[in-house]
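> Below is the sequence, then the predicted model.
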Amino acid sequence: MHHESNLEKQFSAALKSIARRKDLKAYVERTPELYMLLQQAASRYVTGETRQEGVAASRRLAGEGYKLSIEYIGENTTDADECVAAAAEMKALIQDLGRAGLPARVSFDLSHIGLSLDKELAYSHLMDMSAYAGTVETEIELFISMEESGKTEDILSVYTRAAATYSNIGITLQAHLNRTPQDLEALADSPRRVRIVKGAYQEPEDRAIHRSPALNERYLELVESAVRQGHHVSIATHDEAIVDEVLKYGWLSHGNAEFEMLYGIRRELGSKLKADGHSVRIYLPYGHEWYLYLCHRIAEYPPNLYRAVIDIVSKRI
């Protein structure tokens with residue numbers, strides 16, 4: 001098992017900071033050679049820049065027996081027209097998945113469709129997308145991702161309001177936030193779809209615990225609670241220690257739990273779990289905003305940087 005060194009932790013924090021630098025992102029975008037190199041590294045984790053590429057990858061993975069969760073990458077959108085365009089793109093994705101006969105989740109950040117501007121704008125777009133998803137013949141779920149802790153209250157507020165009307169909406173909870181056990185308990189009366197992640201954002205010491213055995217313990221407690229409450233639970237992890245514990249406790253045998261893994265990461269683990277008869281969902285992102293996504297994947301697991309460099313070099317030889 002990989003244990004993060006202090007140097008790796010510092011590197012991870014630095015990369016998360018770089019990911020937020022709009023000036024660096026703009027520099028990458030206007031430097032064709034650099035853009036192409038980083039895009040080659042991103043291609044391991046992102047299906048492509050277009051919806052068509054995302055749907056094609058989804059069709060391939062569905063054919064291999066995986067469940068699907070598809071994200072049009074984007075967050076912290078502060079232009080109203082761009083929020084409208086993002087919501088329209090997600091409706092087009094819903095339509096394309098329906099036409100392809102692919103049951104799937106459409107995952108997204110509420111800040112991509114208006115939360116950074118106005119909570120009501122995000123709520124309005126979510127309601128519209130949920131209504132539209134109900135009109136396609138294939139079952140489509142809308143799945144809300146979790147963001148920085150400063151947005152948690154608003155995200156949960158928008159989710160609970162919309163979920164009171166539409167049953168096809170799910171919510172993500174971050175195990176590292178100290179508030180999450182209470183947030184999960186607040187959802188106990190209306191079992192829905194819940195994704196449990198460790199949490200990838202830099203948070204103040206008083207709000208979260210960092211990667212540690214204590215975090216793994218809390219993660220497992222949340223999964224157990226969510227399963228017990230009757231939620232359909234996505235156990236979103238690549239941590240084999242957690243996977244082994246989940247299997248040991250038999251939580252997947254209840255029929256309302258699954259593993260969820262990111263496209264391009266630990267493919268052999270997902271394949272083995274699926275071969276063993278377990279339900280595995282793959283999270284497939286697409287879109288032009290792959291730069292931020294790539295930074296997060298490397299920050300989350302710094303040795304991914306080695307793979308990124310190998311991918312860049314091998315594709316140019």
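Structure received.

> Please make it C-alpha for all contacts and neighbour counts, starting now.
Noted.

> Phi, psi for residue 46 please.
phi -120, psi 140 (degrees, to the nearest 10).

> what is the rounded mean pLDDT of the helix or strand harbouring residue 245?
Using DSSP states H and E, residue 245 falls within helix 240-249. Throughout helix 240-249, pLDDT has a mean value of 96.

> who's in contact with that helix?
With C-alpha atoms under 8 Å, 6 or more residues apart in numbering as the test, helix 240-249 has contacts from 1, 216, 220, 237, 252.

> right, and the helix or strand after that helix?
Taking DSSP H and E, what comes next after helix 240-249 is strand 257-262.

> Adjacent strands (with direction) for that following strand?
Take DSSP bridges as the rule and strand 257-262 pairs in its sheet with strand 232-236 (parallel), strand 280-286 (parallel).

> Contact partners for residue 232?
Residue 232 neighbours (C-alpha under 8 Å, 6+ apart): 191, 192, 193, 194, 226, 256, 257.

> residue ranges with poor pLDDT in the protein?
Within the chain, the stretches with pLDDT under 70 are 1-41, 291-292, 294-317.

> could you pull out the strands for it?
Remark: strands assigned in the chain by DSSP state E are 67-72, 104-108, 140-144, 169-174, 193-197, 232-236, 257-262, 280-286.

> can you list these in JSON lines and add distance to residue 82?
Output for the strands of the chain, formatted as JSON lines (distance: least, C-alpha to C-alpha, whole Å):
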{"stretch": "strand 67-72", "distance to residue 82": "13"}
{"stretch": "strand 104-108", "distance to residue 82": "14"}
{"stretch": "strand 140-144", "distance to residue 82": "18"}
{"stretch": "strand 169-174", "distance to residue 82": "23"}
{"stretch": "strand 193-197", "distance to residue 82": "27"}
{"stretch": "strand 232-236", "distance to residue 82": "29"}
{"stretch": "strand 257-262", "distance to residue 82": "26"}
{"stretch": "strand 280-286", "distance to residue 82": "17"}
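
> Minimum distance to residue 180: which of those has it?
When these are compared by C-alpha to C-alpha, strand 169-174 sits nearest residue 180, at 6.6 Å.

> what distance separates that closest one from the centre of its chain?
10 Å (C-alpha atoms, centre = their mean, to the nearest Å).

> Tell me the buried residues in stretch 135-143?
Buried residues in stretch 135-143, defined by neighbour count with 16 or more other C-alpha atoms under 10 Å: 136, 138, 139, 140, 141, 142, 143.

> I figured the fifth one hits residue 102, correct?
No: using C-alpha atoms under 8 Å as the test, residue 141 is too far from residue 102 to be in contact (11.4 Å).

> Residue 227 - nearest residue in space that isn't next to it in sequence?
The spatially closest residue to residue 227, leaving aside those adjacent along the chain, is residue 233, at 6.4 Å (C-alpha to C-alpha, 6 or more residues apart in numbering).

> picking up where we left off before, so which of the strands paired with strand 257-262 comes closest to residue 272?
With C-alpha to C-alpha as the measure, strand 280-286 is the member of the strands paired with strand 257-262 nearest residue 272 (9.9 Å).

> ok, residues contacting the closest one?
With C-alpha under 8 Å, 6+ apart as the criterion, strand 280-286 contacts 45-51, 53-54, 57-58, 66-73, 258-263, 270, 273-274.

> roughly how far apart are residue 285 and residue 127?
Going from residue 285 to residue 127 by C-alpha to C-alpha, to the nearest Å gives 22 Å.

> so where do the helices sit in the stretch 1-150 of the chain?
6-19, 22-29, 32-42, 51-63, 80-99, 119-133 (DSSP state H, counting those that start in this stretch).
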